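Participant: below are the sequence and a predicted model for it; my questions follow.
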Amino acid sequence: MRARLLTLVVATLAGLGLVLPAAPVAASTGGTVDGDTHPNVGLIAFYDAEGRFRCSATLVSPTVLVTAAHCTSGTLGKTLVTFASVVAEAPPSPLPVAADPAAGYTAQELADAGYLSGTAYTHPEYSDFTDLSNWNDVGVIVLDEPVTTIEPAPLAPVGTSDAIRQPRRTIFRAVGYGTEVRQAETGPQKPTPMSYPIIRRYVDMPGQKITPQIIQTNGNEKDPFGTGGTCFGDSGGSLWLGDAVVGVTSYGYTDNCRYLDGYQRIDIPVVADWLAGFLD
């Protein structure tokens, strides 16, 4: 299940982006329009038994993108991939509709629409948000054709995050395609996740805590040491420490994306060993 309420107790999804027609897609809070700062971070779209969804993912080899397991588990057919920094400024969405939604995208229809295609794989020990000690919310997209015009992102060595002794004094950067949280033009004037624009952004955040599986950050744009946080649509996007990727966006606490954010660590053996099988 991808459509869930956001609570840490049940560890629901902070980066999920539903792109069914007329369905809201939530957003990054604060942050900076990315442009070409992180060209190896892309948007992915896919079908499962519940409909069509979107997430973020990061190119880590010419043929492999790393993302969240909840962005790969149950995928039907192929996954759409694009590295365009601006996908849509306003509706309608340019993403194609599968000819047969029950079967998902085909490589041919994605190629005809001008998008890359790939096959989704989910970590075999993904707990589906049931076990904090064995989270493993990581998946990959293996592209049908290699990308030769974009430099892949480097992965942090195993144990990188374990060396951080003061998380609250460490700044992490998250990159993804969540859209804005802002006051709506009509109705209640409170910060609300918007469906558009769909563009790549990055946010800088101070750490909050680090566990053997998770990095947690303070994802509030009012934090004096940060510029924002992640939310719906950012799932699977990369968490950077310096020049390397240490995690992927996994979950959040609130439905307006103004509190703590959680990231699946990929600098741990249970994840790194699995990823190595795709990168060899």
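Facilitator: Cool, got the structure.

Participant: show me where the stretch 151-280 of the chain has its helices.
Facilitator: 269-279 (DSSP state H, counting those that start in this stretch).

Participant: same check on the stretch 1-150 of the chain?
Facilitator: Under the criterion DSSP H, counting those that start in this stretch, helices of the stretch 1-150 of the chain are mapped to 107-112.

Participant: run through the strands of it in chain order.
Facilitator: In the stretch 1-150 of the chain, the strands defined using DSSP state E, counting those that start in this stretch lie at 17-18, 27-30, 32-33, 41-48, 51-61, 64-67, 76-82, 86-88, 116-122, 139-143.

Participant: so what are the sheet partners of the longest one and their directions?
Facilitator: If you go by DSSP bridges, strand 51-61 pairs up with strand 17-18 (antiparallel), strand 41-48 (antiparallel), strand 64-67 (antiparallel).

Participant: quick one: the longest one to chain centroid distance?
Facilitator: What it means is strand 41-48. For strand 41-48, the separation from the chain centroid amounts to 9 Å (computed by Cα atoms, centre = their mean, to the nearest Å).

Participant: for stretch 109-128, buried residues please.
Facilitator: Neighbour counts using 16 or more other Cβ atoms under 10 Å place 109, 110, 115, 116, 117, 118, 120, 121, 122, 123, 126, 127 of stretch 109-128 among the buried residues. C-beta: built from backbone N, CA, C; applies to glycine.

Participant: can you pull the contacts of the second one?
Facilitator: Spelled out, that is residue 110. Contacts for residue 110 were tallied using Cβ atoms under 8 Å, 6 or more residues apart in numbering; they are 78, 80, 96, 116, 117.

Participant: could I get the residues you listed as JSON lines with pLDDT and distance to residue 219?
Facilitator: What follows is the contacts of residue 110, written out as JSON lines (pLDDT from 0 to 100; distance: Cβ to Cβ, whole Å):
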{"residue": "78", "pLDDT": "98", "distance to residue 219": "32"}
{"residue": "80", "pLDDT": "98", "distance to residue 219": "27"}
{"residue": "96", "pLDDT": "97", "distance to residue 219": "32"}
{"residue": "116", "pLDDT": "98", "distance to residue 219": "29"}
{"residue": "117", "pLDDT": "98", "distance to residue 219": "32"}
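
Participant: check those residues and tell me the two furthest apart.
Facilitator: For those, the maximum inter-member distance is 12.6 Å, found between 96 and 116 (Cβ to Cβ).

Participant: overlap of the contact sets of the two?
Facilitator: Residues touching both residue 96 and residue 116 comprise 80, 110, with contact defined as Cβ under 8 Å, 6+ apart.

Participant: picking that back up, from the contacts of residue 110, which is closest to residue 58?
Facilitator: Minimum separation from residue 58 among the contacts of residue 110 (Cβ to Cβ) is found for residue 116, which lies at 13.9 Å.

Participant: beta partners for the closest one?
Facilitator: Bridge pairing for residue 116 (DSSP bridges) gives the partners residue 81.

Participant: tell me the contacts of residue 156?
Facilitator: Contacts of residue 156 (Cβ under 8 Å, 6+ apart): 241, 244, 245, 246, 266, 267.

Participant: out of the strands of the stretch 1-150 of the chain, which comes closest to residue 152?
Facilitator: The closest approach between residue 152 and any of the strands of the stretch 1-150 of the chain, judged by Cβ to Cβ, belongs to strand 51-61 at 4.9 Å.

Participant: still on that earlier bit, between the strands paired with strand 51-61, which gets the lowest average pLDDT?
Facilitator: Here those differ in mean pLDDT, and the lowest is strand 17-18 at a mean of 29.

Participant: residue ranges with poor pLDDT in the stretch 151-280 of the chain?
Facilitator: Within the stretch 151-280 of the chain, the stretches falling below the threshold (pLDDT under 70) are 179-195, 220-221, 223, 253-259.

Participant: ok, which stretches of it are strands?
Facilitator: Here the stretch 151-280 of the chain has its strands, by DSSP E, counting those that start in this stretch, at 171-176, 179-183, 191-193, 198-199, 201-210, 214-218, 228-229, 238-241, 244-252, 260-265.

Participant: tell me what angle the longest one forms with strand 171-176.
Facilitator: Strand 201-210 runs at 130 degrees relative to strand 171-176, counting by axes from the mean of the first three to the mean of the last three Cα atoms, to 10 degrees.

Participant: so which elements touch strand 201-210?
Facilitator: Judged by 3 or more Cβ pairs under 8 Å, 6 or more residues apart in numbering; DSSP states H and E, strand 201-210 is in contact with strand 27-30, strand 32-33, strand 171-176, strand 214-218, strand 228-229, strand 260-265.
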